[in-house]
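Enquirer: Fold the following and give me the result.
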Amino acid sequence: MTDHERGAGPAGDGGAPGAGHGFGMLRPRVRSEAHWAEEQEVIGPGLQAVMLLSRLCVAEADGTEIVDVDGNRVIDFQGAGGVNSIGHAEPRFTTALAQELTRATAGAFGSPARLDMVRVLREFLPEDLDTIQLYSGGTEAVEAALRLAKSVTGKHEFLSFWGGFHGKTMGSLALTAGARSGLGPLPPGYFSAPYANCYHCPFKLRAPECGFACVDHARDVIKENSTGALAAIVVEPVQGRSGNVVPPRGYLAALGEVAREFDALLIADEMMTGFGRTGAAFAYQHEEVRPDVLTVGKGMGGGYPVTGVVASAETMAAAPFSEPSASSSSFGAFPMACRAVAATTSILTEDKLVDNAATRGREMLDQLADLTELAPLVGDVRGAGLALGIELVVDKRTREPAPKSLVQRVYLELLEAGVLVMLGGNTLRLYPPLTVDRAQVETAVGIIRETLIGMEGEG
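Expert: Here you go, the predicted model:
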């Protein structure tokens, strides 16, 4: 029986975590291994590390639950890195897309699907950021945002931050400090500064007494590196790949002030955080700040590949970005993509899932917080809404990161116990669907706690 059929989460009657709930890899994964081996005869290398590590082959998925081809059940708190916002196989979503398949699937002309999307988004998007252009991948949207910033400002330089991730094409890769080894040369005019990662502050200071020394440093980086042509500051309100790093309140607003000082735009990369993931419609709304441009994706399509650039109509009107075909995408605004966005956003609104993300996120943080004392490997627990990070260290005093081999062992132990998570460096990243209920949280958290408390370091 699936989540949707039983009308409740996989937590059952709240018994002990793990096998008592039917989760965990209890059967040999013979079919999964054979399935994986056959796929790899054609699939090229370079897949996501967690996919290569788990070799998970999904037979079906529903709500918060995945069943592999061997019949093993796991709780999906990986959520494809934040994509699975409304749960697997949500009936209203699958019905909407199935119906659209029989109407129109290709072409970016006006369509009932696009009109429905526009009407839904008009109520969901911020009042002062009311225009969207659609794309098919995250890096494509980020590249478009860079072109928009150049069009608005007439300038060409960009500041990004250590630990950030913005994509793998040329401009977005240049923004992604620390993940470019062997991929140069990169385009000129891109420079970076430390992010407000207070657990690993490069200045060895504490917030708020530090007075945002990292922001002062970012200002100095611009002054020393820029030719006077800064087009935008590009920042994630919560850094995803670095382990869901949440900056202290006021950080984004301070960066907005720096952007204004240099007559530049503030671009908030909300690819992971947008559409409710952090307990607000958009993560920047936790602060008193107004970005000029948002990049969005992942959770906005409920699993369908669709992303976007959001800005005011005035900003979007800048040339050459606004000229015919200048900002279009081959697959942007296709009927299926528009229907996916309309259905997902309607469900987020009707079911008050943004509020649920805030509530369930607080519950998870409360239940996981003491792992920093009880679990030998846990150095930090953090999060915003349902984007949480559990950082693994080998020395809590020095905060030395756990090595990759140890992090992978923890990942596999959790998978065997019945919870699928995402990795980011030495951090376990948790992205439950925004539909997750209290019982499902308690079940998953129970498994995570039991696993981590029982684990020691290598050797």
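Enquirer: can you pull out the helices in the stretch 351-459 of the chain?
Expert: Defined through DSSP state H, counting those that start in this stretch, the helices belonging to the stretch 351-459 of the chain, from first to last, are 353-368, 371-374, 404-417, 438-453.
Enquirer: TSV for the ones you listed, including distance to R92 and mean neighbour count?
Expert: Where you see a C-beta, it was placed from the backbone N, CA and C, and this is true even at glycine. As requested, the helices of the stretch 351-459 of the chain are arranged in TSV below (distance: least, Cβ to Cβ, whole Å; neighbours: other Cβ atoms under 10 Å):
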stretch	distance to R92	mean neighbour count
helix 353-368	12	19
helix 371-374	36	14
helix 404-417	30	18
helix 438-453	19	21
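Enquirer: and L186, which of these is closest to it?
Expert: Using Cβ to Cβ as the criterion, the shortest distance between L186 and the helices of the stretch 351-459 of the chain is 25.3 Å, found for helix 404-417.
Enquirer: Just the buried positions in stretch 216-225, please.
Expert: Of all the residues in stretch 216-225, those buried under the rule 16 or more other Cβ atoms under 10 Å are 218-219, 222.
Enquirer: can you pull the contacts of the nearest residue to L415 once chain neighbours are set aside?
Expert: Nearest residue to L415 in three dimensions, chain neighbours excluded: S54, at 5.8 Å (Cβ to Cβ, 6 or more residues apart in numbering). Going by Cβ atoms under 8 Å, 6 or more residues apart in numbering, S54 touches 411-412, 415, 420.
Enquirer: Taking these, tell me the two that lie furthest apart.
Expert: Using Cβ to Cβ, the contacts of S54 reach their maximum pairwise distance at L412 and L420, which is 10.6 Å.
Enquirer: Can you point out the buried residues in stretch 138-146?
Expert: When neighbours are counted by 16+ other Cβ under 10 Å, the buried residues of stretch 138-146 are found to be 138-146.
Enquirer: I'd like to check what contacts it. Which residues are they?
Expert: Residues outside stretch 138-146 that contact it (Cβ under 8 Å, 6+ apart) are 133, 135, 158, 166-172, 175, 231-232, 234, 267, 269, 271, 293, 295-298, 307-309, 321, 327, 329.
Enquirer: Separate out the buried members of the residues you listed.
Expert: Among the contacts of stretch 138-146, those classed as buried by neighbour count (16+ other Cβ under 10 Å) are 133, 135, 158, 166-167, 171-172, 175, 231-232, 234, 267, 269, 271, 293, 295-298, 307-309, 321, 327, 329.
Enquirer: Now intersect those with the helices, please.
Expert: Judged by DSSP state H, helices contain the following of the buried ones among the contacts of stretch 138-146: 171-172, 175.
Enquirer: want to throw those into TSV with distance to R449?
Expert: Formatted as TSV, the entries for those read as follows, by distance: Cβ to Cβ, whole Å:
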residue	distance to R449
G171	42
S172	37
L175	36
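Enquirer: And the residues you listed, which is closest to P247?
Expert: Taking Cβ to Cβ as the measure, P247 sits nearest to L175 out of these, at 17.2 Å.
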